[in-house]
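>>> here you go, sequence then predicted model.
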Amino acid sequence: MSVYKRLEALHITLPPVATPAAAYVPFVKTGNLVFLSGHISKKEGQVWAGQLGKNVQTEEGKLAARAVAIDLMGTLLAAVGDLNQVKRIVKVMSLVNSTADFTEQHLVTNGCSELLGQVFGDAGIHARSAFGVAQLPMGACVEIELIAEIA
């Protein structure tokens, strides 16, 4: 099944690339790799703000990470022109705005990882890191960046 059929089956419409909020570009292609800049969590077009372990629970954080994955795929589409050209999602790095005693960053990040696996199949299985951080831009609860290999 193509990536687009999987997205359709999941009722996902990819958004356009967001305008950068600072001095960076949304993606850089070099060789057969595409590096996507960090994307912050958004809900209904607004920053999905909060801190895990304080005012955001793990399941909500997981939904925020899933929303970031959708935005990342929109940027990846803009970068490559056809998501079927993605040979592999190589790496995901997730930053979770969390209290010092919150230890479920890996579970939050599963929201992104699981969706990438559903959409890209085996090519969506990736290496990753999940970090807890004291704060993210605009108070976002999650920020994720991605590296993909293209054909």
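Perfect, I can see it now.
>>> can you map out the helices along this structure?
Secondary structure of the chain, counting by DSSP state H: helices at 3-9, 58-80, 105-120.
>>> among those helices, which is nearest Glu145?
helix 58-80 (8.1 Å; CB to CB). All C-beta spots, glycine's among them, are computed from the backbone N, C-alpha and C.
>>> now the angle from the closest one to helix 105-120?
Put simply, helix 58-80 runs at 40 degrees to helix 105-120, going by axes from the mean of the first three to the mean of the last three CA atoms, to 10 degrees.
>>> begin at 50 from here
Will do, 50 is the new start, and the previous item becomes helix 107-129.
>>> buried stuff in helix 107-129?
107, 109-126, 128-129 (16 or more other CB atoms under 10 Å).
>>> the residue nearest to the spatial centre of the chain: what's it in contact with?
Nearest to the mean C-alpha position of the chain, counting by CA atoms, centre = their mean, stands Ala118 at 3.2 Å. For Ala118, the contact set (CB atoms under 8 Å, 6 or more residues apart in numbering) comprises 160-161, 164-165, 193.
>>> same thing but 6 Å
Going by CB atoms under 6 Å, 6 or more residues apart in numbering, Ala118 touches 161, 164-165.
>>> gap between Leu165 and Asp120?
Leu165 sits 12 Å away from Asp120, going by CB to CB, to the nearest Å.
>>> same question for Met142.
From Met142 to Asp120 the distance is 15 Å (CB to CB).
>>> cool, Tyr53 as well?
Going from Tyr53 to Asp120 by CB to CB gives 17 Å.
>>> one more: Gly160?
When CB to CB is the yardstick, Gly160 and Asp120 sit 12 Å from each other.
>>> next one: Pro64
6 Å.
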